[in-house]
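Asker: sequence isn't available, so here's the structure alone:
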């Protein structure tokens, strides 16, 4: 077949002569490989087709297979490469294991040769060991003088390497923790007796065995270069092991960064295993000695069973590795994923219950591949069994299947039994006393014993969030980063509500010796109780309530019992639909005496009360009192605090939250608030919107008095879409006089008025602007006539010079209640007229066009500017407003997040002057919409994506986290319309490098993404944003430790500025909004009285903010001289940075664009060169600034001066 | 910014003490005029006598406004300078007739540059740059500020048209970009010579107290921008009246009249329809599509129409007809696939270099 085809090719392609000859060579050499092409047979022969590029050869079969594999079995080829690049970084380098092997051999010898110790009384034994500096880690209750059993030591019958090291499935831990080489040491069965399962006697013997080994290791005659420690998994003293680390002096086996863990185990023992069924009780507390029916001791039993499993687990992992080629990689991926989220050891907040659970992850994969053990007949639903997956899956597929399992499985309800060889060892029903059940393939141990359900809720949530990220990655972010590379353990970015609890003084209300004994320590019992109480108390308010604390560390051999950290973090992920409910209902009044009512009262304490509700029902209920609507978001934290107090007597001083600190940042100081209240001010976004609606009605009612009817009034102000940093406040006009000038600012809310269409508008831009003035005048007169007490005035524009064709005129309206609006008229023909001025002959090709006269050039420039203002003001601003308002309605935390982030930007002197408010809103919207946007389209209420912040605090943290990582050279796609048209939007990667704008925020209606970023931030400021976000993020992580205020993140360092202009605080009408507002400025009037302007403060001046105007003027004037920074929210200083290259001498130019001074002649040196050079005249510029701000520039400080 | 701090310090010391290390008297043909703001701050003005551009397109009007011989060209005028302040500043040299500010923005005085372009060699390259960049705009100097003014005057001067009631005006400072230029026209030539001579003692910047600065400036501006409603009304109404008058006059003068066909110089008749506002031009003949009107505007009679007719769908060839086409297509797909694959690989390699794949 190839030859025939070749002939045809050469015939058809006779024209491209040169390429043909070389092409035929290539096809000849390719003939051999063509054999393996099968389906794609002729492809190599058409080799010579592209005459342009000989270098491009079609891939060989093997390559093609690789490519196909990468795209089919992984998400994409780049995802596969990333995985391939990741894997070697998280695995130990086994090639360096030589010295370790030598050490292990020596250790083996030492263990096998250890001298026996004859049976003796446990106390006696421990005394002799303590002389060597080793405390025997006996568990509580400690053996007493009258215990009648004995401890002894015989050399181990077997020493095996177990765990992940021998199977080469080790995965690096977080925080540079060491790899662990597990050595299981088989205790001779002769040491144990049949009854040892009772009351932890076997654990005592194990403790002695371990201590003896430790003694042998540290004993003087041993020459092993290591240090030994005790370690208890999850702080459970029953699971104490011995950890060996290389001593400092020797570096022999430290290259691998490993430690050795010695685990005593019982391969076979005289203890009958059926005694250890999860339903059996093996602890006899003194009080219950006589009773026959006892509560089961599930945790104790499974800890006991763990003594039997090391070797079986090793074998099952080994078998899996043989069976499933992708097992190791999949396991590594899964564990990296888990480690990044704190499901593993680490020194930062880790999720409770996942220490030493390496086998769990392997077993999850085993479950996926081998399937489940069917329950015995008649037990539960046999139908919805999971089907086993194939063994030939790729690591990524396996990983995703594992996530899918974790995200879907309801641990609290369904038990999981991995397929085992011999069926169930214990009947499934016997696991009833476990919270969650996941039985391994040896069917002997529940791997989830001791893992609180709440932690599993979190696991489930995280898995779901990751799946969302993987499935919805149409957005610009590469999911690989979030899934594997990013550390997700920061509590503030992860949880909606974070509580820092000091449990050192905690005491369980329902203290049960049994519970303590089952959990092995008071601390573990407390945590188990605490998680279940909180989980129950919060109910469906929270998707997950997790307890986090640093994982347990090693302790010296002299310390018998594990110590536990007294500080833990409670993290909640809220379900915003239910979280802020004010009332919890209990059983109804009829059931007063029932058990459930009693329980309810017992659970809630004095908060539970009998209430009658609107629908007539009377029920037990819990009502959470809040003072204002803002406090609604505090309800979950309030519940947690109440429960901690009631059940664990943890006082409020031991619980720390950060919510109110954040709230304080968005609120006027108390003295101002009380001032407002005393003047009957109306506050709140809802009130502002109601005022807007009223105004619209009043305006529409004027129809017959106006020449044209008002068609539409749309809002375009952040105060009318919940996203203004400060809650809007209106002081009634009558009571305004006398407000301190530092709080006299009255922001004007932008609104856009659209009149009905008419042919009578003039066809001239200048005339249109004048007509607007006439309309405004009429509107003002009519409004003032119709509404008593309303004030309206026509505003000509912004500056002293009028721009003739640009929309400038506005109407300031102040309602009697004190709300201020600034109306503008949208006339859509302006756009056409402007377009015509910009390009009067759109159909004429550029080359033919007449060159423009200077006058036309100027007109054109003005028209371009006017068009930009027009498009932004009338087309984009209202649309943006609607989209953001909709988002605020859909996601409860969005508005709060925007407000905090705006506050943050403002506090760092960036908002408005460099970063527009709309840009901030888009950034925040991105964080809320990046996952789950699609689900949103159908969902009726609330954003349903798994990973959407539920409170503003978390939203803020997430935005910071995003900002610090954001590579702003690439555009950002914000699906503001909730993905209705998202397919068409792709980031314009090429961008326009020429623009000053650094950010590109693409939305559905702004495909270029520069609408809100065209005038900043530029690259310098964008870099500064990144740096500030990094610093703030570090500060946020620092808050975890419990000291410091959130406010710290909002304090701006001024060291970087070349000069700082200090303004007179008392003259800023919005000084009260300053982060560090000092009440004395407006309280002690006498102090600044002389500085106050003479004119009466009573005049209502909506939108008047001289400080901002001053800053804007400076910015315009010194655009090319210095970058200026200013906090619009009550800032009292302006910071500036000289444009760097102006400070090096340069030749004089007439239009240098900066104030210069000649470089003085420098004696005889460089006479020629320095001539004609000028340099920035810094002093003169600063003096000018001082003159311009005459009256309120207090001081100008220069850096270094 | 931190990096540039060390050289800067050095410079500041040099800039701080202008009295100790003397400034050069001239620079690139400009006399250097130090102006003291305060004890520590000295501003520098660069002055030169104005020489009119030798351009062919230089306008006579401009020549009138800036008479050669008694016009001082001032560079680096303080941003907040007013006419009055400059007048006072040069009072010691002679009486100032008027002051013209350039817009400060774009191309204020390329002509000035050009006039003495050849003087210093190291400047020429830069001047050419400027010329090239400005292109056609070079003539617009000084028009920015005073351009519209004469126009308005003309309008008001017309005896037959209705008068425009002006909006109230108050003395307000107009802030210009820093480093802008101005022309100071003296009454006689001798004052110019005096102004060019370096003074014995640096001039002191006269601050005009009548035009407010600082907070007073902003509150004045604020109230200036909100004139009483009746003034606004009078202004808007009279302006519109004047505008309509003008329009009417234009219509009279225009060769296009309602109801008459528009015939361009080639003898073609423009066919339009009534237009959105009823009284667009001409319209005697037939109807053009609305799209036509929108796209070409009223004035466009020629040249436009044909272009769009060409938009016919091109003949479609079947691209999977011959076997070789199919093969080629397949092959191309595979090659593209590989290319993408290799690109990805290279990308990841690059990322690997930056140690991005260490999760912790």
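Answerer: The structure has been received and is ready for your questions. Source: prediction; values computed, not measured.

Asker: from here on, just use CA atoms for contacts and neighbour counts.
Answerer: Will do.

Asker: and residue 270, how many neighbours does it have?
Answerer: Picking chain A for this. When neighbours are counted by other C-alpha atoms under 10 Å in any protein chain shown, residue A:270 registers 15.

Asker: you looked at the wrong chain, it should be chain B
Answerer: 23.

Asker: which strand residues bridge it?
Answerer: Residue B:270 forms beta bridges with residue B:262, as assigned by DSSP bridges.

Asker: and if you look at residue A:618?
Answerer: residue A:612.

Asker: is it true that it touches residue A:588?
Answerer: Yes: between residue A:618 and residue A:588 there is a contact under C-alpha atoms under 8 Å: 5.8 Å.

Asker: next, the buried residues of stretch A:905-918.
Answerer: By neighbour count on 16 or more other C-alpha atoms under 10 Å in any protein chain shown, the buried set for stretch A:905-918 is A:905-918.

Asker: sitting in helices, which of those do you find?
Answerer: A:905, A:906, A:907, A:917, A:918 (DSSP state H).

Asker: adding distance to residue A:123, write those residues out as CSV.
Answerer: Output for these, formatted as CSV (distance: C-alpha to C-alpha, whole Å):
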residue, distance to residue A:123
A:905, 65
A:906, 67
A:907, 65
A:917, 72
A:918, 73
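
Asker: run the chain-centre distance for the helix or strand harbouring residue A:228.
Answerer: Following DSSP states H and E, the helix or strand that holds residue A:228 is strand A:226-232. Distance of strand A:226-232 from the chain centroid (C-alpha atoms, centre = their mean, to the nearest Å) equals 36 Å.

Asker: for stretch A:96-111, same thing?
Answerer: Relative to the chain's own centre, stretch A:96-111 is displaced by 44 Å; criterion: C-alpha atoms, centre = their mean.

Asker: quick one: buried residues of that stretch?
Answerer: Residues A:97, A:100, A:103, A:104, A:107, A:108, A:110, A:111 are the ones in stretch A:96-111 that count as buried (16+ other C-alpha under 10 Å).

Asker: mind listing the strands for the stretch 101-250 of chain B?
Answerer: With DSSP state E, counting those that start in this stretch as the criterion, the stretch 101-250 of chain B has strands at B:180-186, B:203-204.

Asker: which among the ones you listed is found nearest to chain A?
Answerer: strand B:180-186 (6.8 Å; C-alpha to the nearest C-alpha).

Asker: contact partners of the closest one?
Answerer: Outside strand B:180-186, the residues that touch it by C-alpha atoms under 8 Å, 6 or more residues apart in numbering or on different chains are A:1151, A:1153, B:50, B:66-67, B:70-79, B:86, B:94-105, B:108, B:192.

Asker: now, which of these lie within strands?
Answerer: Among the contacts of strand B:180-186, the residues falling in strands (DSSP state E) are B:71-77, B:96-101.

Asker: counting contacts, what elements does the top helix by length along chain B pack onto?
Answerer: Of all the elements of type helix in chain B, the one with the most residues (DSSP H) is helix B:323-353. In terms of contacts (3 or more C-alpha pairs under 8 Å, 6 or more residues apart in numbering or on different chains; DSSP states H and E), helix B:323-353 is packed against helix A:61-73, helix A:77-86.

Asker: residue of the stretch 201-350 of chain B nearest chain A, please.
Answerer: Closest point on the stretch 201-350 of chain B to chain A, by C-alpha to the nearest C-alpha, is residue B:214, at 4.2 Å.

Asker: so what pLDDT did that residue get?
Answerer: At residue B:214, the pLDDT value in this model is 82.

Asker: surely residue A:564 is in a strand?
Answerer: No: under DSSP: H, G, I helix; E, B strand; the rest coil, residue A:564 sits outside any strand and is assigned coil.

Asker: tell me how many other residues crowd it.
Answerer: For residue A:564, using other C-alpha under 10 Å, the count is 17.

Asker: can I get the strands of the stretch 101-250 of chain B in a markdown table including mean neighbour count?
Answerer: Below are the strands of the stretch 101-250 of chain B laid out as a markdown table (neighbours: other C-alpha atoms under 10 Å in any protein chain shown):
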| stretch | mean neighbour count |
| --- | --- |
| strand B:180-186 | 26 |
| strand B:203-204 | 16 |
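
Asker: take those strands and write them to TSV, including mean pLDDT and distance to residue A:150.
Answerer: Shown next, in TSV, are those (pLDDT from 0 to 100; distance: least, C-alpha to C-alpha, whole Å):
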stretch	mean pLDDT	distance to residue A:150
strand B:180-186	88	99
strand B:203-204	85	104
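
Asker: now the ones you listed as a markdown table including distance to residue A:710?
Answerer: Formatted as a markdown table, the strands of the stretch 101-250 of chain B follow (distance: least, C-alpha to C-alpha, whole Å):
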| stretch | distance to residue A:710 |
| --- | --- |
| strand B:180-186 | 45 |
| strand B:203-204 | 57 |
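
Asker: where in the stretch 251-400 of chain A is pLDDT low?
Answerer: A:251-254, A:285-294, A:376-385 (pLDDT under 70).

Asker: same check, this time on the stretch 1101-1201 of chain A
Answerer: Looking along the stretch 1101-1201 of chain A with the criterion set at pLDDT under 70, you get A:1161-1171, A:1201.

Asker: all helices for it, in order.
Answerer: Ranges of helices in the stretch 1101-1201 of chain A, per DSSP state H, counting those that start in this stretch, are A:1106-1117, A:1167-1170, A:1178-1188.

Asker: how about CSV for the ones you listed, with distance to residue A:426 added?
Answerer: Output for the helices of the stretch 1101-1201 of chain A, formatted as CSV (distance: least, C-alpha to C-alpha, whole Å):
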stretch, distance to residue A:426
helix A:1106-1117, 75
helix A:1167-1170, 94
helix A:1178-1188, 85
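
Asker: the helix or strand hosting residue A:103 vs strand A:226-232, what angle?
Answerer: Residue A:103 belongs to helix A:98-112 when elements are defined using DSSP H and E. Per axes from the mean of the first three to the mean of the last three C-alpha atoms, to 10 degrees, the angle that helix A:98-112 makes with strand A:226-232 is 70 degrees.

Asker: which helices and strands does whichever helix or strand comes after helix A:98-112 pack with?
Answerer: Per DSSP H and E, the first helix or strand lying C-terminal to helix A:98-112 is strand A:117-120. If you count contacts as 3+ C-alpha pairs under 8 Å, 6+ apart, strand A:117-120 packs onto strand A:151-153.

Asker: please name every helix or strand in contact with the strand it packs on.
Answerer: Taking 3+ C-alpha pairs under 8 Å, 6+ apart as the contact cut, strand A:151-153 packs with strand A:117-120, helix A:201-218.
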